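Q: Kindly generate the corresponding structure for this input.
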Amino acid sequence: MRSELRAVRTGGVPSVVDLTDECADFVKQENDGLLHVFVPHATAGIAILETGSGSDDDLLAHLDELLPRDDRWRHRHGSAGHGRDHVLPAFLPPHAAVPVLEGLMQLGTWQRICLVDTNIDNHTRQVRFSFLAG
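A: Model (predicted):
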């Protein structure tokens with residue numbers, strides 16, 4: 001297995017960061033296998049979705065509705081409402097796996113691999129790309 005940890009700057013605002021091009025670059029010299037993308041944080045997730053057409057903004061807006069940033073959360077360190085960030089990975093897992101054939105990810109036409117980070121207390125995240133040859 002080949003694995004690499006990369007830093008991703010989120011800027012301290014809720015964000016959806018498209019990792020697809022970095023993922024494609026990571027696997028382009030590979031043959032067949034499986035790409036695994038993992039974020040080793042308790043307050044971020046990985047999603048596969050269409051971006052650029054409003055879906056990324058819709059996702060963040062609906063996460064705000066589903067998991068409001070207020071004082072209802074028992075987990076209370078950090079900024080106000082930070083407890084909701086710790087619940088996020090139960091809805092958006094911290095990982096995704098994508099098949100790779102002849103160095104190309106087998107994503108659908110509009111699918112993009114994204115880091116979803118609602119934690120405004122951390123401005124930089126780590127993302128681990130791993131390739132398991134088939």
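Q: Which positions in the helix or strand encompassing residue 65 come out as buried?
A: Per DSSP states H and E, residue 65 falls inside helix 55-66. By neighbour count on 16 or more other Cβ atoms under 10 Å, the buried set for helix 55-66 is 55-56, 59-60, 63. The way it works is simple: take the backbone N, C-alpha and C, and place the C-beta from them, glycine included.
Q: With stretch 34-49 instead?
A: Neighbour count says stretch 34-49 has 34-39, 41, 43-47, 49 buried, by 16+ other Cβ under 10 Å.
Q: ends of it, how far apart?
A: End-to-end span of stretch 34-49 (Cα to Cα, to the nearest Å): 19 Å.
Q: And the strands in the chain?
A: Per DSSP state E, the chain carries strands over the ranges 2-9, 15-18, 33-38, 44-49, 95-101, 104-105, 112-117, 124-133.
Q: Which helix or strand in the protein has the lowest average pLDDT?
A: Ranking every helix and strand in the chain by mean pLDDT, DSSP states H and E puts helix 83-91 at the bottom, with a mean of 92.
Q: and that helix, what does it pack onto?
A: Where contact means 3 or more Cβ pairs under 8 Å, 6 or more residues apart in numbering; DSSP states H and E, helix 83-91 is packed against strand 44-49, helix 55-66.
Q: The shortest one packs against which elements?
A: Based on contacts counted as 3+ Cβ pairs under 8 Å, 6+ apart, the elements that strand 44-49 packs against are helix 55-66, helix 83-91, strand 95-101, strand 112-117.
Q: For this structure, give me the ranges with low pLDDT.
A: Filtered on pLDDT under 70, the chain yields no residues whatsoever.
Q: which residues sit in contact with the closest residue to residue 57 other than its chain neighbours?
A: Sequence neighbours aside, residue 16 is the residue nearest to residue 57 in space, at 8.0 Å (criterion: Cβ to Cβ, 6 or more residues apart in numbering). Counting by Cβ atoms under 8 Å, 6 or more residues apart in numbering, residue 16 makes contact with 47, 49, 51, 56-57, 59-60, 114-116.
Q: For residue 16, give the beta-bridge partners.
A: residue 116 (DSSP bridges).
Q: ok, it to residue 134 distance?
A: Counting by Cβ to Cβ, to the nearest Å, the gap between residue 16 and residue 134 amounts to 30 Å.
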